[in-house]
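Colleague: sequence plus predicted model, see below.
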Amino acid sequence: MNSISKRILQLKQKKIRSSKIRNKTLRALETAKSLHRKSTSTVNSIQRRVSKIRSGLDEVSNTIQHSLAQKESILRLLVDAKSRLTNEKDRYLQTKQELLSATGEAKDRLEFTLDTISDQINEIRNEIKQRNLAVKKVDNIIQEYNTKKSRLSRQIKRALQSKPQFVKIMNESKKNAAKLEKRLPSLIKTEKSIQKNFSRINSIIKEQAKRKKTSQVKLRRIKSRKVAEAKRIQNLARKLAIQMLSAKRKAPKRTKAKRKAPKRTKAKRKAPKRTKAKRKASRKRR
């Protein structure tokens, strides 16, 4: 019985330790899974954010390229306009020089030509002015988008710098979760084995208790029978004693009886003894 009690104590202690280890493993597994989910979500969020920023960056880069191409085109037109302005100015001066020596119809024709050239010069100057304004506008757009591009590039850089850390956490938490998941069935199996042994010992104890109880019941029955028999005998003895005492009290006093003279009986005559000779003769007759 002492060995069983010792074994039960050992199993209880082992069960407590096993339960603590299993619960600790479950908590660690849940923490690892939660960390993996969070880190995975963060990595995916960073990836989506980077993709979105890169998409915006591509749009900004395309806008900058378009603006640069537009600026180049405007600058070419501006150079061409300045060249035409120079030519028209030279033509204006030449026509004006010819006008000084011209007379009559030639003079009128030159004056008309001079006015036409002057109008063209003004148009070219307005064109150059508009081209310069367009270049400034495009330059502002390019500067604005270059600033935006730099900001988006910094955002991508920061996001990508933080990504490896979360990727590392994600991979480590995944490995830890896998290890804990492999370890958990063994712990559960050990705990079930302890519980099975515990149940088996409990069954043995219950069986022993049942046998002891049955034995005690039998002993109580035997004892009860003995007690009942003793009481019965005691009651019979008491009743007998009471009866004897009662009979003794009720019995009358005895008086001395007078002795009667014995009756004389007549003596029987004794038969005469046979002689040996007569007995032998009698035997012969028989």
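Modeller: Good, I have the coordinates.

Colleague: so what's residue 23 scoring on pLDDT?
Modeller: Looking at residue 23, its pLDDT stands at 86.

Colleague: give me the distance between it and residue 12.
Modeller: 16 Å (Cβ to Cβ, to the nearest Å). Placement of C-beta: from N, CA and C, glycine included.

Colleague: and for residue 200?
Modeller: Counting by Cβ to Cβ, the gap from residue 200 to residue 12 is 14 Å.

Colleague: same check on residue 103?
Modeller: 136 Å.

Colleague: element containing residue 142, please.
Modeller: Counting by DSSP states H and E, the element that carries residue 142 is helix 104-250.

Colleague: who does that helix touch, helix- and strand-wise?
Modeller: When contacts are defined as 3 or more Cβ pairs under 8 Å, 6 or more residues apart in numbering; DSSP states H and E, helix 104-250 packs onto helix 2-101.

Colleague: where does the stretch 1-150 of the chain have low pLDDT?
Modeller: Low-confidence segments of the stretch 1-150 of the chain (pLDDT under 70): 1-2, 4.

Colleague: one more time with 80
Modeller: Along the stretch 1-150 of the chain, segments meeting pLDDT under 80 span 1-12, 14-15, 18, 102.

Colleague: check the stretch 151-286 of the chain too.
Modeller: Applying pLDDT under 80 to the stretch 151-286 of the chain flags residues 184, 191, 194-195, 197-212, 215-217, 220, 245-286.

Colleague: check the offset of stretch 73-82 from the chain's centre.
Modeller: Centroid displacement of stretch 73-82 relative to its chain, using Cα atoms, centre = their mean, to the nearest Å, is 72 Å.

Colleague: should've said stretch 224-236
Modeller: Centre-to-centre, stretch 224-236 and its host chain are 69 Å apart (Cα atoms, centre = their mean).

Colleague: and stretch 178-195, by the same measure?
Modeller: Taking Cα atoms, centre = their mean, the mean C-alpha location of stretch 178-195 is offset from the chain mean by 14 Å.

Colleague: on that earlier part again, which of residue 103 and residue 12 has more neighbours?
Modeller: Neighbours were counted for residue 103 and for residue 12 using other Cβ atoms under 10 Å; residue 12 has more, 12 against 7.

Colleague: OK, contacts around residue 130?
Modeller: With contact set as Cβ atoms under 8 Å, 6 or more residues apart in numbering, residue 130 has no partners.

Colleague: could you check how far it is from residue 141?
Modeller: Noted for residue 130: a distance of 16 Å to residue 141, by Cβ to Cβ.

Colleague: again with residue 121
Modeller: Residue 121 is 30 Å from residue 141, by Cβ to Cβ.

Colleague: can you check residue 18 too?
Modeller: Separation of residue 18 from residue 141 (Cβ to Cβ): 71 Å.

Colleague: one more: residue 153?
Modeller: 18 Å.

Colleague: which one of these two is surrounded by more residues?
Modeller: residue 141 (17 against 14).

Colleague: thought the more buried one was touching residue 67?
Modeller: Yes: using Cβ atoms under 8 Å, residue 141 is in contact with residue 67, at 4.9 Å.
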